[in-house]
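Novice: need coordinates for the following:
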Amino acid sequence: MQNEKIGVFRGISAILAGVVFIGLSSCSTTRAKGADSPTTASAATEPRQRTLLDADWLFHLGDITPNNQVVLSSFDDGQWQRVQVPHDYVLDGIYSSKNDRGHGYLPYDVGWYRKRFVIPEGDRGKILKLDFDGVFRDSEVWLNGQSLGRHQSGYTPFSYDITKLAKLGAENVIAVRVDPRKFEGWWYEGGGIYRHVYLTALAPVHLARWGTYVVSTVPNGDQGGDAEADVTIQTTIENGGTAAAKCEVVSEIVSPSGETLKTLKISDSLAVNGRRELVQKPVIDHPMLWSIQTPNLYQLRTTVLQDGQPVDSTTTTFGIRTIRYDANKGFFLNGKHVEIYGTASHQDLALALQYRIVCKNGACSSYKRRAATPGERRTILRTRRCSTPATGWA
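Specialist: Okay, here's the model as predicted:
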């Protein structure tokens, strides 16, 4: 049968993924903090600043046509409902047997969101991005009356570069139109901005979004070998500035016990609007393998430097393990046969309670969502939108 080698993680961890990898790159980033509405993104001393924009949104149920006025900063939204995101407005509808059973017997309609926030003057010269972790679905976004774009999928995150449209030191207004009336699945999907929203401020030279990629291969790992692990680190950097730039990427691998095992450095040049992928290939001796019993995780700390100063940094978690599938014998992890027990969760961030009950301590049993009365269904669905899975899952 076929051998599937190892753990590849672009910032997303899977159940059987296990190597934590931390990389340092020579372009620094700034980390932002959350704020009240209108949100003020305070300038930070760190390179990458990420501001949580979940608080104090305004919501209107039903479409507004034409929409050329509702997207303007001057539009009167004083009668709109104040909400916090993550927000699923479909749950506030009235249950009816006339509505689709698979989608919770609830009505689906267009919704509008607006939010005011302030971008500090200190962010001048940085790359500014508006990041949405998830909107269900078919969303259109405007900033200060100008269209940023449209994103149809309700299950994938998306981001817009707002550097040229943002007002620094002043109030900015986001408008979002959501249309969940066309379903993507046959289960309850909801509607609205149901995951987090961030403002990200970056140095002109920075790590690309999901810009660290880690692959590990254990020689003879499908036979239980663990003498060494060959690691490949792919780091993507970008230059959004107005001049060519040189930078250095520093990648540090930290063991599950917190010990720095490897420090690798690589330098490169970037043209204006340039994008480069840098590759480093360290070897880890006697790696601590990821398994269900011992879920060892490494970290890759990536730092980007310019003129010796950090301008961006991220941390990537990864596990080292070998997997193999056999049509007759089943699944093997690190050379050992493992029975897989799964769940029918239709979202990657679904139902924290379900993960704790069904997958406690790595032992999963099957889960089937039963029919429920409207009252019971409301309870189930209100716990469906959660931000993180149970503790211990990568």
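
Novice: and the residue nearest the centre of the chain?
Specialist: residue 133 (5.9 Å; C-alpha atoms, centre = their mean).

Novice: nearest residue to that one other than its sequence neighbours?
Specialist: residue 195 (3.5 Å; C-beta to C-beta, 6 or more residues apart in numbering). All C-beta atoms are positioned from the backbone trio N, CA, C, and that covers glycine.

Novice: helices of this protein, start to end?
Specialist: 352-358, 374-382 (DSSP state H).

Novice: returning to that earlier point: right, and the residue nearest to the centre of the chain touches residue 159 too?
Specialist: No: counting by C-beta atoms under 8 Å, residue 133 does not reach residue 159; the two are 9.8 Å apart.

Novice: if we can go back for a sec, how close does the residue nearest to residue 133 get to residue 316?
Specialist: To residue 316, residue 195 is 21 Å away according to C-beta to C-beta, to the nearest Å.

Novice: compare those two (neighbour count), which wins?
Specialist: It is residue 316, of residue 195 and residue 316, that has more neighbours when counted by other C-beta atoms under 10 Å, with 26 against 20.

Novice: and the pLDDT at the residue nearest to residue 133?
Specialist: Looking at residue 195, its pLDDT reads 94.

Novice: how about residue 186?
Specialist: Confidence at residue 186, expressed as pLDDT, is 86.

Novice: and if you look at residue 265?
Specialist: 98.

Novice: who are the contact partners of it?
Specialist: 248, 249, 250, 251 (C-beta atoms under 8 Å, 6 or more residues apart in numbering).

Novice: and the residues you listed, which of them are buried?
Specialist: 248, 249, 250, 251 (16 or more other C-beta atoms under 10 Å).

Novice: who is residue 280 paired with across the strands?
Specialist: residue 233 (DSSP bridges).

Novice: run through the residues that contact it.
Specialist: 232, 233, 235, 251, 264, 266.

Novice: I figured the fifth one hits residue 282, correct?
Specialist: Yes: if you go by C-beta under 8 Å, residue 264 and residue 282 touch, sitting 5.9 Å apart.

Novice: any residues in contact with both of these two?
Specialist: Contacts common to residue 264 and residue 282, judged by C-beta under 8 Å, 6+ apart, are 233, 251.

Novice: can you report how many residues lie near residue 302?
Specialist: When neighbours are defined as other C-beta under 10 Å, residue 302 has 27 of them.

Novice: partners of it in the sheet?
Specialist: Residues in beta-bridge contact with residue 302 (DSSP bridges): residue 314.

Novice: contacts only, for residue 220.
Specialist: Going by C-beta under 8 Å, 6+ apart, residue 220 touches residue 227.

Novice: per-residue pLDDT of it, please?
Specialist: Confidence at residue 220, expressed as pLDDT, is 94.

Novice: quick check: phi and psi at it.
Specialist: Main-chain torsions, residue 220, degrees, to the nearest 10: phi 60, psi 20.

Novice: how near is it to residue 295?
Specialist: 22 Å.

Novice: what is the end-to-end distance of stretch 50-67?
Specialist: 30 Å (C-alpha to C-alpha, to the nearest Å).

Novice: could you list the low-pLDDT ranges of this structure?
Specialist: Low-confidence regions of the chain, defined by pLDDT under 70, span residues 1-46, 343-394.

Novice: domains for it, by residue range?
Specialist: Domain assignment of the chain by automatic domain parsing yields the ranges 3-28+205-322, 39-202, 341-382.

Novice: determine which stretch of those domains is the most buried.
Specialist: Across the domains of the chain, averaging neighbours per residue (mean count of other C-beta atoms under 10 Å) puts domain 3-28+205-322 on top, at a mean of 19.

Novice: related to what we said a few turns ago, format the contacts of residue 265 as JSON lines; extra columns: distance to residue 101.
Specialist: Converted to JSON lines, the contacts of residue 265 look like this (distance: C-beta to C-beta, whole Å):
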{"residue": "248", "distance to residue 101": "58"}
{"residue": "249", "distance to residue 101": "52"}
{"residue": "250", "distance to residue 101": "55"}
{"residue": "251", "distance to residue 101": "51"}
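
Novice: take those residues and keep only those in strands.
Specialist: If you go by DSSP state E, the contacts of residue 265 have 248, 249, 250, 251 in strands.

Novice: surely the third one is in contact with residue 303?
Specialist: Yes: counting by C-beta under 8 Å, a contact exists between residue 250 and residue 303, whose distance comes to 4.7 Å.

Novice: surely residue 109 and residue 61 touch.
Specialist: Yes: counting by C-beta under 8 Å, residue 109 touches residue 61, with 6.2 Å between them.

Novice: which stretches in the stretch 201-350 of the chain count as strands?
Specialist: Taking DSSP state E, counting those that start in this stretch, the strands of the stretch 201-350 of the chain run over residues 205-217, 228-239, 245-254, 260-270, 275-280, 283-285, 298-306, 309-319, 323-326, 330-333, 336-338.

Novice: tell me the helices and strands packed up against the third one.
Specialist: For strand 245-254, the elements it packs on are strand 228-239, strand 260-270, strand 298-306, judged by 3 or more C-beta pairs under 8 Å, 6 or more residues apart in numbering; DSSP states H and E.

Novice: could you work out the end-to-end span of stretch 77-88 for me?
Specialist: 20 Å.

Novice: do stretch 137-147 as well
Specialist: 17 Å.

Novice: same question for stretch 263-283.
Specialist: For stretch 263-283, the end-to-end distance is 11 Å (C-alpha to C-alpha).

Novice: what do you get for stretch 318-325?
Specialist: End-to-end for stretch 318-325, by C-alpha to C-alpha: 21 Å.

Novice: ok, stretch 170-185 next?
Specialist: First-to-last distance for stretch 170-185 - C-alpha to C-alpha - comes to 41 Å.

Novice: begin at 9 from here
Specialist: That works, and once the first residue is 9, the last one we named lands at stretch 178-193.

Novice: and the residue lying closest to residue 231 once chain neighbours are set aside, what does it touch?
Specialist: In space, residue 231 comes closest to residue 343 once its chain neighbours are excluded; the distance is 5.2 Å by C-beta to C-beta, 6+ apart. Residues in contact with residue 343 (C-beta under 8 Å, 6+ apart) are 229, 230, 231, 232, 233, 330, 332.
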